[in-house]
Each structure stands twice: as structure tokens, then as C-alpha cells.
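Engineer: Okay, predicted coordinates and the sequence, questions at the end:
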Amino acid sequence: VNFKMAADGRSWGPLVGAVDQGTSSTRFLIFASNSAELLTYHQTEIHSVLPKEGWVEQDPKEILASVYECIEKAVANTRDLGIDVNDIKAIGITNQRETTVVWDKNTGEPLHNAIVWLDLRTAETVNRLIDSTPRKNKEHLKPLCGLPLATYFSAVKLRWLLDNSDKVAQAVREGRAMFGTVDSWLLWNMTGGVQGGVHVTDVTNASRTMLLNIHTQQWDANLCKFFDIPMTILPEIKSSSEIYGHLVQGVLKGLPISGCLGDQSAALVGQCCFTRGSAKNTYGTGCFLLYNTGTEPIPSEHGLLTTIAYKLGKDKPTFYALEGSVAIAGECVKWLRDNLGIIQKSSDIEALAGSVADTAGTHFVPAFSGLFAPYWESDARGIICGLTQFSTKAHIARAALEAVCFQTCEILEAMNKDSGIPLESLQVDGGMTQNGLLMQLQADLLGIQVVRPAMPETTALGVAMAAGAAEGVGVWSLNPSDLTSITTDTFTPALSQDERESRYAKWKYAVQKAMKWEGHTHKEPDSKPTDTVVKSLPAGIFIFSTAALLLVTTICQR
């Protein structure tokens, strides 16, 4: 995918590039720092490998190559816009979080495919780790890292690799292994690789590993000991906005890389959620709602995550967030397209779902990777229920969109309980927000306004802001008075409270049906005709004896 705005002869001033490396695609976008306008971008798809049921991998070298391709082609677009490439002053990197890469620092070669955040292979690892805690409690580590023991996070993926990959285990023993999330892999390669590349990450990505102490913002020896992971393989932790190094190849060779944010933190910055109590929800492969809690971490009592929102400079304060994470959102639409063939392309779902007035009682719980917040149940599995002969593919398509909305309702319900301050509106972003029906359904089912920015690329915008504002770059001001106002579309709820509550209750009922699915082995014994007679004997004897006693009592009374 290639985009460039029409050339109109304007001088755009300093520009900032943003690598947006997501689960399904990589993009490089170029923004004008003075106006926050998107000038051009190039996008390429990333392929996932599914070796077994529940396993999701990606090739780290393909990810890296896609970044270079997108940079080259987006920069080529600037020539048609009459833009001097020298106007690009810095780039930032935002990335899919938790996805785990281990590589050889001597050769630069990955030691295993990247294990993607959605991957479920670590379920047994998680269960073993939970069993090792004093009370067999999946929230045992939350006071230190803010996260429950779950398949989602990097430490359990790394533990699995150490236990199951001889190449990884040997490289660790020999001191050759480097671990990182996708940002670390890209930064190391783009700043030199084996020729002196920097092995770093930022606090937002580090906070998703389960190895970072969210209070000290450093790797924690006790957490590393719990997972039995050597601290020597971990990257150095930096802020989200500083010069980490410089590009060593390509059309932007020599340019500083000065911004790094996990994708959901980048979206929070891009939506300008800089004050305590502000929040945003991103609709992409998954769905992620972040609520800015200020400079103090707030523990969740209702299934949410305590995470680092951003730290925009070495000497700047660290801001925290409560996060609700949904594993399957846009991925559900992709499943309808690729696995069931209900639609030809993802955008077709809006018209198909809009062709019916409701779901006709159909509910779709897309627990393909278990259920994330607020349940954290890795043994849940997807179900479609409430089907009748009247049900059609249109009803299933609409139920899929409603599933995304209902999962957001559950997260917002938990967030309102934890924060004590119910949101009055919800800021949204991400690819799925272009679906107007989805946004209206979300407003209807939440009962509050949903506010969508006219420019949906807030994730890339957020890391461009961080990169441009870094010390030594200084082309983007983050002062509130200097920030560009955002044009928005607002969706207002049109559903009664009674109808909203009734539909939400039915959704909750459907979710319970999806629970405890994996590993369920209970089986009723085969029934035989004689079993019914045998099983009824005790009841028959009881009834007969009771009748006899009543008869004797009556006779005695006479």
C-alpha cells in the first residue's frame, strides 16, 4: 500500500519519519512536525507462520527487510511531492509489543522465529510457573511488574525458548544470545548490528516483559530469578524520547533514531492523552484500552494491567496507565475472510453486517487465543452460539463486530471500577475505526460518545512526536499550547439503557460458555437400557417405603 498527499507547492518545514511495525504489516510514515499532517507512507504485509494449533511465529529477518523496504519507498514518494529528503530530521519506532526475538550477537542471525504476542504455546509453562508460586496464584508477580502470569508476555515466551530450543539454550550458555522485543531487534540492526549496533529498549516495551520492576523502571533480579532468565541477555532500558543511535544504511543513512514506544503507548501519545484520567482505545489486530493514571502506578483489582504509558525524555517523569487488552478484534474479521470465506476483503464486513438490523440472537465469542482482560483465561476458546435456521452470514458478521464492542465494554467496566471515575467519552483509533457501523455499535453498547480522529494514524504520529521532541532533535514541541488541534467525528449512543443492559447480560452468558474449553475431559459414561432401571431403584424403594409408613401410621391412628 502506498499513499502520498497531493503536491501543492507548500513548504512543510521539518519532517519526522515513523516506523510502525505491527502484527500484520509494517509501515513507514512521514509527518510534518509543524502541523502533524501525514504526507506520505508505504505499507507492506507481514506473514505469520502457524506451525501448530495456537502457535504464531514471524520471521525476524522478514520484519527487518519490510522496514527497509517501507523507508525506501516512502522516501521515494517525497520526490513527487517536491520535498527535500534532508527535511527529514529523525525517525521513531513503534512496534507490536511482547513479541519475542532471540538472536546471535556474533552473527546477527535469529536463533528462532519471533514468537508473536498472540501465541499460546506457553500455556503449560504458565501453569507450571503458577504452580511454583506460594498460593498457586497467577497474580503473584503483579506487585512488582503489574502483570499476571499469562501466555501474553515476553518472559514466558523466553522461558519456553530456553526450555525447548537447543540453539537458544546453547547460545545463552556461551554468552552469544541477545533477547529483545521487536523494537530491540530493529534498533540493534538499524544502528549497526554486529558492527556496534545498540542493544536497547524503551520503558514501555520493557514493561511488557514481566522482567521490569515498574517502580524502579529497571530489570528486577527477583523477577529474572523467578523465570530463571540471565540478566546478561537483556537490553539496556532507555526513555521513550532520546537519541539511541543513527541509521547505518539506506536513503536515510546518518539520521538519528530518537523515539521508541510500544504501539499502544504511541497511540496514547498520538491522541495527546497527557493528563491523568484521559484514555484511548485502539482497534487493530487486538483491542487495547489505556487509561492515563499519572505519575503513580495504580494496581488493578478488576483484571486490568498496570503498565508504563511513556517517559518522554531522560529527565522527564514516567507516566503510568491501566490497560485492558483484548486478543482478538480485527483478527476476527480476518478469520471470517480467510477461514470461512464470508467476505472477500476486510472492508466488506461493514456492508454485510449492516444488511441486517441485529444479530437475531447470535453471539460470537472470538476466544481464539483464550481470553485476555479482564478474565486472563488461556483455556477459553471461540464459540458462535444462539444460531437458528434464520441465522445467516450477515448475522454472524454483525455478531463479530458486536464482539469487539462487548469486549471493550468489559474492559471499560473494569476500568471505571479501578479508577473510580467513569469515562464520559472514549477516544478511539486504529484501522478498524474506519468502520462507521462498528463505531456506532460501540457508542450504543457503551452508552457514551465515541470520538474518532479524522486522521487515524495516531500510533505512528505518537512515536513521530516522541522522536521529533527528543533532545538533540527538537523539531516537535509537546507543550500543550503548541499541540495541533485534532479534527474528530463523534458517534452518539442511540440505544436505550434497558436494551443495552439486556444485550450485555446475554454476551456475559455467552462468554461463560466459552470458558474452560481447552483441556476439558469430563465425559458422561455410556448409558445402557438397564442403567435407567438400576438408577431408579433407590428412588422407587424410597417412594414405596414412604407410602407404606404412611399407611401404617393411618391404621394405627384409627
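Structural biologist: It's in. Because the structure is a prediction, the values reported are computed rather than measured.

Engineer: mind listing the helices for the stretch 51-200 of the chain?
Structural biologist: Ranges of helices within the stretch 51-200 of the chain are 60-80, 123-131, 142-145, 154-164, 166-173, 182-190, based on DSSP state H, counting those that start in this stretch.

Engineer: who wins for proximity to H363 among those?
Structural biologist: Shortest distance between H363 and the helices of the stretch 51-200 of the chain, using CB to CB, is found for helix 123-131: 24.9 Å. Where C-beta positions appear, they are placed from N, C-alpha and C, glycine not excepted.

Engineer: Would you mind listing the buried residues in the closest one?
Structural biologist: A123, T125, V126, N127, L129, I130 (16 or more other CB atoms under 10 Å).

Engineer: what's it packed up against?
Structural biologist: helix 154-164 (3 or more CB pairs under 8 Å, 6 or more residues apart in numbering; DSSP states H and E).

Engineer: The helix it packs on: how far from the chain's middle?
Structural biologist: Put simply, helix 154-164 sits 20 Å off its chain's centre (CA atoms, centre = their mean, to the nearest Å).

Engineer: In a markdown table, list the helices of the stretch 51-200 of the chain along with distance to V200 and mean pLDDT.
Structural biologist: Below are these laid out as a markdown table (distance: least, CB to CB, whole Å; pLDDT from 0 to 100):
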| stretch | distance to V200 | mean pLDDT |
| --- | --- | --- |
| helix 60-80 | 16 | 95 |
| helix 123-131 | 27 | 95 |
| helix 142-145 | 20 | 95 |
| helix 154-164 | 15 | 97 |
| helix 166-173 | 19 | 97 |
| helix 182-190 | 6 | 98 |
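
Engineer: tell me the most buried of the ones you listed?
Structural biologist: helix 182-190 (a mean of 27; mean count of other CB atoms under 10 Å).

Engineer: which residues touch that one?
Structural biologist: Helix 182-190 has contacts (CB atoms under 8 Å, 6 or more residues apart in numbering) with 19, 21, 60, 63-64, 67, 93-96, 99, 101, 103, 108, 114, 178, 180, 197-202, 205, 235, 244-245, 247-248, 257, 260, 262.

Engineer: again, but for stretch 242-257
Structural biologist: Contacts of stretch 242-257 (CB under 8 Å, 6+ apart): 17, 68, 71-72, 75-76, 85, 88-93, 187, 190-192, 195, 197-198, 200, 238, 258, 260, 313-314, 467, 470-473.

Engineer: picking that back up, just the buried residues of helix 123-131 now: which is nearest T216?
Structural biologist: Distances from T216 to these, taken by CB to CB, are shortest for L129, at 22.2 Å.

Engineer: Buried subset of the contacts of stretch 242-257 as a ChimeraX selection?
Structural biologist: Applying 16+ other CB under 10 Å to those leaves a buried subset, and the ChimeraX line that selects it is:
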select :17,68,71,75,88,89,90,91,92,93,187,190,191,192,197,198,200,238,258,260,313,467,470,473
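
Engineer: Out of the contacts of stretch 242-257, which sit inside strands?
Structural biologist: Among the contacts of stretch 242-257, DSSP state E puts G17, I88, K89, A90, I91, G92, I93, V200, K238, S258, C260 in strands.

Engineer: doesn't A18 make contact with the second one?
Structural biologist: No. Contact criterion CB atoms under 8 Å: I88 and A18 do not qualify, at 10.7 Å.

Engineer: Now do the shared contacts for these two.
Structural biologist: Jointly contacting I88 and A18 under the rule CB under 8 Å, 6+ apart are I30.

Engineer: Tell me which residues of the helix or strand where L352 lies come out buried.
Structural biologist: L352 is part of helix 348-354 when elements are defined by DSSP states H and E. Residues of helix 348-354 classed as buried by neighbour count (16+ other CB under 10 Å): I349, E350, L352, A353, G354.

Engineer: could I get the residues you listed as TSV with pLDDT and distance to D489?
Structural biologist: Shown next, in TSV, are the buried residues of helix 348-354 (pLDDT from 0 to 100; distance: CB to CB, whole Å):
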residue	pLDDT	distance to D489
I349	96	19
E350	96	15
L352	97	22
A353	97	19
G354	96	17
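
Engineer: Looking at these, which one is closest to S33?
Structural biologist: Checking these against S33 by CB to CB gives E350 as the nearest, at 34.0 Å.

Engineer: For the closest one, give me its contacts.
Structural biologist: N435, G436, L437, L438.

Engineer: contacting residues around the first one?
Structural biologist: Think N435. S347, I349, E350, L401.

Engineer: nearest spatial neighbour of P110, skipping sequence neighbours?
Structural biologist: The shortest distance from P110 to any non-neighbouring residue, by CB to CB, 6 or more residues apart in numbering, is to P60 (4.3 Å).

Engineer: unless I'm mixing things up, that neighbour is touching L111, no?
Structural biologist: No. The criterion here is CB under 8 Å, and P60 misses it with L111 at 9.6 Å.

Engineer: Now do the shared contacts for the two.
Structural biologist: Jointly contacting P60 and L111 under the rule CB under 8 Å, 6+ apart are W103.

Engineer: Spatially nearest residue to V326, not counting backbone neighbours?
Structural biologist: Leaving aside its sequence neighbours, V326 sits nearest to C287 (CB to CB, 6+ apart; 3.8 Å).

Engineer: Give the burial count for the one you found, as a bare number.
Structural biologist: Residues lying near C287 (other CB atoms under 10 Å) number 28.

Engineer: and if you look at the one 4 residues further on?
Structural biologist: Counted with other CB under 10 Å, the neighbours of Y291 add up to 28.

Engineer: A494 now?
Structural biologist: 8.

Engineer: can you put the buried residues of helix 348-354 in CSV and add distance to P230?
Structural biologist: Listed next are these as CSV, based on distance: CB to CB, whole Å:
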residue, distance to P230
I349, 46
E350, 49
L352, 51
A353, 50
G354, 54
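
Engineer: for the closest residue to L495 other than its chain neighbours, helix, strand, or coil?
Structural biologist: Leaving aside its sequence neighbours, L495 sits nearest to D444 (CB to CB, 6+ apart; 4.0 Å). Following DSSP: H, G, I helix; E, B strand; the rest coil, we place D444 in the helix state.

Engineer: residues contacting D444?
Structural biologist: C405, P493, A494, L495, R500.

Engineer: Reformat those residues as TSV; add distance to S369 and pLDDT.
Structural biologist: Listed next are the contacts of D444 as TSV, based on distance: CB to CB, whole Å; pLDDT from 0 to 100:
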residue	distance to S369	pLDDT
C405	19	96
P493	30	96
A494	32	95
L495	29	94
R500	28	95
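
Engineer: and those, which are buried?
Structural biologist: C405, P493, L495, R500.

Engineer: Could you single out the nearest of those to L223?
Structural biologist: Nearest member of the buried ones among the contacts of D444 to L223, counting by CB to CB, is C405, at 35.4 Å.

Engineer: Doesn't that closest one belong to a strand?
Structural biologist: No. C405 sits outside any strand when classified using three-state DSSP, being helix.

Engineer: now, among the contacts of N435, which is nearest to A367?
Structural biologist: L401 (16.3 Å).

Engineer: Would you mark the buried spots in the helix or strand hosting the closest one?
Structural biologist: Using DSSP H and E, L401 maps to helix 393-419. Within helix 393-419, the residues scored as buried using 16+ other CB under 10 Å are 393-415, 418-419.

Engineer: so what strands line up beside the next helix or strand after that helix?
Structural biologist: Using DSSP H and E, the helix or strand that follows helix 393-419 in sequence is strand 425-429. Strand 425-429 sits in its sheet next to strand 279-283 (parallel), strand 449-453 (parallel), going by DSSP bridges.

Engineer: Please identify the most buried of those.
Structural biologist: Greatest burial across the strands paired with strand 425-429, using mean count of other CB under 10 Å, falls to strand 279-283, with a mean of 26.

Engineer: residues making contact with that one?
Structural biologist: Contacts for strand 279-283 (CB under 8 Å, 6+ apart): 263-264, 267-268, 271, 273, 287-292, 329-330, 404, 408, 411, 415, 423, 426-433, 438, 458-459.
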